[in-house]
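> Dropping the sequence and predicted coords here.
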Amino acid sequence: MNRRTLLTGGAVGALAVVLPAGAEGAPQHVPLPSDAEIYGVPTVDPLISQRADPWITRPVNGTYYFTGSVPEYDRLVVRGAPTIEGLAAAEESVIWRRPTSGRMGGHIWAPELHRIGGKWYIYFAAGDAGDVFRIRTYVMESALDDPRDPAGWTLKGQLITEWDGFTLDATSFTHRGRQYLVWAQSEPEIAVNTSLYIAEMANPWTFRSKPTRIATPTKSWEIIGFKVNEGPAVLIRNGKVFITYSASATDANYCMGLLTASAGADLLQRASWTKSPDPIFVSNEATSRFGPGHNSFTVAEDGRTDVLVYHARDYKQITGDPLYDPNRHTRVQKVYWHEDGTPLFGIPVGSGGPIVRLSPSDRPRSFVKHVGDAFQVVHAPRELELTQFRFVKAADGTETVQSVDQPTKFLVTDGTTVALGTTGTPVTRSAVKDGVTIRVAPGRFLRHRDGALVVDARATVFRLS
């Protein structure tokens, strides 16, 4: 059996499975992955303070690169590190500052860093010194290997779109040998702030095709404060092209929606795209994360685990214009995948340690889920946040099982009943061949029985995933 399927938690090396005796006749104790290794994504939160509209590249020659909006809206910054977590303390390089007058002398917003054809490109939005909200999209290029070096960057110019209007949040991606750009723009005669458009590119700063509008804000959750579809980010998986985007005003109403197209479809046809009816990522009072959005995607160091990168505030009430509140912080968390191939984002998970899901080893596509304060074992649930837990270690070596979406509640047992409560029952995990057993009292264990989670003298083996 692949070692990666033998999932458990606790400190690295604290739990092990005993394999058959080796040549010397002694049992082989093989450490199993820690909860942090299972989760696979840094849990430091925020990852980077006061950096909105965050963009983290996939690793290029072993380095992740980060850029984002600074509160002063006056410069472009890049930092790099060999790990995602390393970006938190990485030195930040200013690769360009706005001029003191004229074009691009106004607000500088939402840079994105892309490696295309062996060169680096930054797409960013800029206003003018005399009109900071005359926002247009511009492109810079660097032929140097390291995008942190200011000496490499030159301005290619403005990205000339179909209409000379408010334009921002350009993102680029390659699919089936073709380079595309997706961006947000105000279109004449459409009474919204911004819609989303796609076009094929002749080169990183020139369009090959006419733009196609693929989304416009019409749903109730897209038009609070402002009528906005913006901040697109592309994730291609499982035969689909997914575009997340942000909607509504930049306060606590800011949220994320999802567009989906078949990977084989003509992406330049509006009919190829389907908008999910409900937002897929919203503010959460319980975890104190407000206005999540303007995201990007990267992959964890294992090269497989998809990582959601987004900004959110720690508080709901804002004094003055939310655009000038500096505390939209960069955060990261894991993207999960439903068995039908669609992404699950859950909720902004808030502060705490690594997250696991509990799956009975005899029903590997089922997960422990809380419904209110009760527990069930459910096949392929879509409510990701109801299936996410943290094992919180106590000084005596025992642990409690904390709910991620209700962090003030923990797993509590009473006789044979298992529920969520404010005072957690101490548990002890023990490694076995296919996962862990969870003891709640001497001779008493968590057991899955007919879709319910109960306490029993017989233990169910749970895989942590």
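Great, that's in hand. For clarity, every value in this text was computed on a predicted model and none was experimentally measured.
> Where does pLDDT dip in this protein?
The model of the chain has pLDDT under 70 over residues 1-31.
> Go through it and flag its longest strand.
Secondary structure of the chain per DSSP state E: the longest strand is strand 131-142.
> The very next helix or strand once past that one pairs with which strands?
Moving toward the C-terminus from strand 131-142, the next helix or strand (DSSP states H and E) is strand 153-158. The strands beside strand 153-158 in its sheet (DSSP bridges) come out as strand 131-142 (antiparallel).
> List the buried residues in the strand it pairs with.
Neighbour counts over strand 131-142 (16 or more other CB atoms under 10 Å) mark Arg134, Ile135, Arg136, Thr137, Tyr138, Val139, Met140, Glu141, Ser142 as buried. Using the backbone N, CA and C atoms, a C-beta is placed for each residue, glycine as well.
> mind listing what's buried in stretch 414-423?
Of all the residues in stretch 414-423, those buried under the rule 16+ other CB under 10 Å are Val418, Ala419, Leu420.
> Return the subset of those lying in strands.
Among those, the residues falling in strands (DSSP E) are Val418, Ala419, Leu420.
> hang on, the earlier thing: in a markdown table: the buried residues of stretch 414-423, plus distance to Trp273.
Output for those, formatted as a markdown table (distance: CB to CB, whole Å):
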| residue | distance to Trp273 |
| --- | --- |
| Val418 | 43 |
| Ala419 | 43 |
| Leu420 | 39 |
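> Which one of those is nearest to Pro147?
Nearest to Pro147 among the buried residues of stretch 414-423: Leu420, at 46.5 Å, using CB to CB.
> Identify the residues contacting that closest one.
His370, Gly372, Asp373, Ala374, Phe375, Ser403, Gln406, Lys409, Phe410, Leu411, Val412 (CB atoms under 8 Å, 6 or more residues apart in numbering).
> Would you list the phi and psi of Leu113?
Torsion angles at Leu113 (phi, psi; degrees, to the nearest 10) stand at phi -110, psi 120.
> so what are the domain limits for this protein?
Domain assignment for the chain by automatic domain parsing gives 3-38+354-464, 41-344.
> So which of these is the most surrounded?
domain 41-344 (a mean of 19; mean count of other CB atoms under 10 Å).
> Val461: what's its closest spatial neighbour, skipping adjacent residues?
Leaving aside its chain neighbours, Val461 sits nearest to Ser361 (4.3 Å; criterion: CB to CB, 6 or more residues apart in numbering).
> so the one you found touches Phe462, yeah?
Yes: between Ser361 and Phe462 there is a contact under CB atoms under 8 Å: 6.8 Å.
> what do these two both touch?
Taking CB under 8 Å, 6+ apart as the criterion, Ser361 and Phe462 both touch Gly435.
> picking up where we left off before, now do the longest strand of the chain: distance to the chain's middle.
Distance, stretch centre to chain centre, for strand 131-142: 26 Å (CA atoms, centre = their mean, to the nearest Å).
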